[in-house]
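no sequence for this one, just the structure:
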């Protein structure tokens with residue numbers, strides 16, 4: 001049985017990959033790309049860009065990386081326009097669905113704050129919020145890719 005892209009991303013997320021890694025890995029593998037570089041390149045983008053103030057949501061960042069992986073340029077003379085258009089659409093759709101692309105805005109607090117771990121656990125944020133962002137990002141990227 002084929003898992004949906006959302007299920008695959010959530011499986012990776014629940015098995016220890018951070019949000020950005022889970023989205024990128026699920027999309028990459030669906031397109032036959034399996035490399036240890038895939039989660040590694042996304043690692044610093046998880047948890048609101050490594051728990052930084054005003055960092056982008058890792059699921060959103062993973063989606064942008066997935067689009068870039070599959071539509072990005074391989075030489076400097078190639079057009080960026082198709083990719084840029086899809087990133088703009090992805091950003092618009094993500095903001096429309098959730099109100100923001102910034103991790104702190106989505107969670108209601110910054111992961112850089114000293115009590116972030118407590119707030120994250122008490123609010124059940126992984127299940128109630130982050131799972132939604134991870135599943136949405138993976139699915140939306142696939143829709144934009146026409147898969």
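That came in fine, so what should we check first? In this text the structure is predicted, and so the values were computed from the model without any measurement. Residues are numbered from 1 along each chain as shown.

For the residue positioned nearest the centre of the chain, which three-state class applies?
Closest residue to the average C-alpha location of the chain: residue 59 at 2.1 Å, with Cα atoms, centre = their mean. Secondary structure for residue 59, judged by DSSP: H, G, I helix; E, B strand; the rest coil, is helix.

How about the contacts made by it?
Residues in contact with residue 59 (Cβ atoms under 8 Å, 6 or more residues apart in numbering) are 19, 20, 22, 23, 130, 133, 134, 136, 137. C-beta coordinates here come from the backbone N, C-alpha and C atoms, glycine included.

again, only using 7 Å
19, 20, 23, 130, 133, 134, 137 (Cβ atoms under 7 Å, 6 or more residues apart in numbering).

measure the last one to residue 79 for me?
It refers to residue 137. 24 Å (Cβ to Cβ, to the nearest Å).

Specify which residue of these two has the higher count of neighbours.
In this comparison of residue 137 against residue 79, neighbours counted by other Cβ atoms under 10 Å, the higher total goes to residue 137 at 33 against 8.

how many neighbours does residue 126 have?
14.

That one - nearest residue in space that isn't next to it in sequence?
residue 120 (7.2 Å; Cβ to Cβ, 6 or more residues apart in numbering).

Please tell me how far the one you found sits from residue 61.
Residue 120 is 18 Å from residue 61, by Cβ to Cβ.

quick one: which of those two has more around it?
Neighbour totals were compared for residue 120 and residue 61, and residue 61 leads with 24 against 17 (other Cβ under 10 Å).

Might you report the residue contacts of that one?
With contact set as Cβ under 7 Å, 6+ apart, residue 61 has these partners: 20, 45, 49.

Pick out the one among these with the largest number of neighbours.
Neighbour counts for these (other Cβ under 10 Å) peak at residue 20, which has 33 neighbours.

does it sit in a helix or strand, and which one?
In the assignment (DSSP states H and E), residue 20 maps to helix 19-30.

what residues does stretch 10-18 touch?
Contacts of stretch 10-18 (Cβ under 7 Å, 6+ apart): 19, 21-22, 25-26, 39, 43, 46-47, 58, 131, 134-135.
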